[in-house]
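Student: predicted model and sequence follow; I will ask about them next.
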Amino acid sequence: QFAARRAAAYQAYYEHMPLRRAARPTERGMFLYRYVDFGGLARIVMLDGRQYRTDQPCNPPPLGLAPTCPEDSSPAGTFLGARQEYYLRRALQRSQATWNVLAQQVMMMRGDLGAALGAETPIFNMDAWDGYQAQRTRLLEFLATRRTSNPIVLTGDIHSAWVAELK
């Protein structure tokens, strides 16, 4: 039943969003990640953080907020999936652009929401990169060691404006 519901959801998404033909749903899902170059000025890598990730760690309640646990740092946990992580690395390695922009769905910065929610302990969003710390660390180390030109991460999920320095 889940597979049929997922296939119907992909089809509805494809029919109602301005997507390219290559994104047409198949039995394996939708091919949504890609990059677009704007001359030598910018390479925008569009990521898909929904289809390929492992289940959220730490057994979070419906909103995805939970204290940290060993599973959120597991190298086995993946937000992008192995194939998309490889694609991203290659796109960034080959980029000659002045700016390299990662456009994706959720916050990449580490964010303790505990204080804002009145909790005594740190609470993190396991639905975002906080639930996949090993992959985020690999990506940030890659950007640092490869000296990727002017990397920027854009996120559009929480209907507010944030600026952070990813380290």
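Tutor: Ah, there it is.

Student: residues near the nearest residue to residue 107 once chain neighbours are set aside, how many?
Tutor: Among residues not flanking residue 107 along the chain, residue 128 sits closest, at 4.6 Å (Cβ to Cβ, 6 or more residues apart in numbering). From N, CA and C alone the C-beta is placed, and that goes for glycine too. Residue crowding around residue 128 was assessed by other Cβ atoms under 10 Å; the count is 25.

Student: tell me the pLDDT of residue 128.
Tutor: Predicted confidence (pLDDT) at residue 128: the value is 94.

Student: again with residue 114
Tutor: 90.

Student: excluding its backbone neighbours, what's nearest it?
Tutor: That would be residue 123: by Cβ to Cβ, 6+ apart, it lies 4.1 Å from residue 114.

Student: residues contacting the one you found?
Tutor: Shown in contact with residue 123 (Cβ atoms under 8 Å, 6 or more residues apart in numbering): 65-67, 112-114, 117.

Student: against residue 1, how distant is the closest residue to residue 27 other than its chain neighbours?
Tutor: Nearest residue to residue 27 in three dimensions, chain neighbours excluded: residue 7, at 7.5 Å (Cβ to Cβ, 6+ apart). Using Cβ to Cβ, to the nearest Å, one gets 11 Å for the distance from residue 7 to residue 1.

Student: these two: which has the busier surroundings?
Tutor: The residue with more neighbours, out of residue 7 and residue 1, is residue 7; 14 against 5, by other Cβ under 10 Å.

Student: determine the three-state secondary structure at that one.
Tutor: Assigned by DSSP: H, G, I helix; E, B strand; the rest coil, the conformation of residue 7 is helix.

Student: now swap in residue 102 and tell me
Tutor: strand.

Student: you'd agree the residue nearest to residue 27 is up against residue 28?
Tutor: No. Residue 7 is beyond contact range of residue 28, at 10.4 Å (criterion: Cβ atoms under 8 Å).

Student: element containing residue 35, please.
Tutor: Taking DSSP states H and E as the criterion, residue 35 maps to strand 34-38.

Student: and the next helix or strand after that strand with strand 34-38, angle?
Tutor: Using DSSP H and E, the next helix or strand after strand 34-38 towards the C-terminus is strand 42-46. Counting by axes from the mean of the first three to the mean of the last three Cα atoms, to 10 degrees, strand 42-46 lies at 160 degrees to strand 34-38.

Student: elements contacting strand 42-46?
Tutor: strand 34-38, helix 82-93, strand 99-104 (3 or more Cβ pairs under 8 Å, 6 or more residues apart in numbering; DSSP states H and E).
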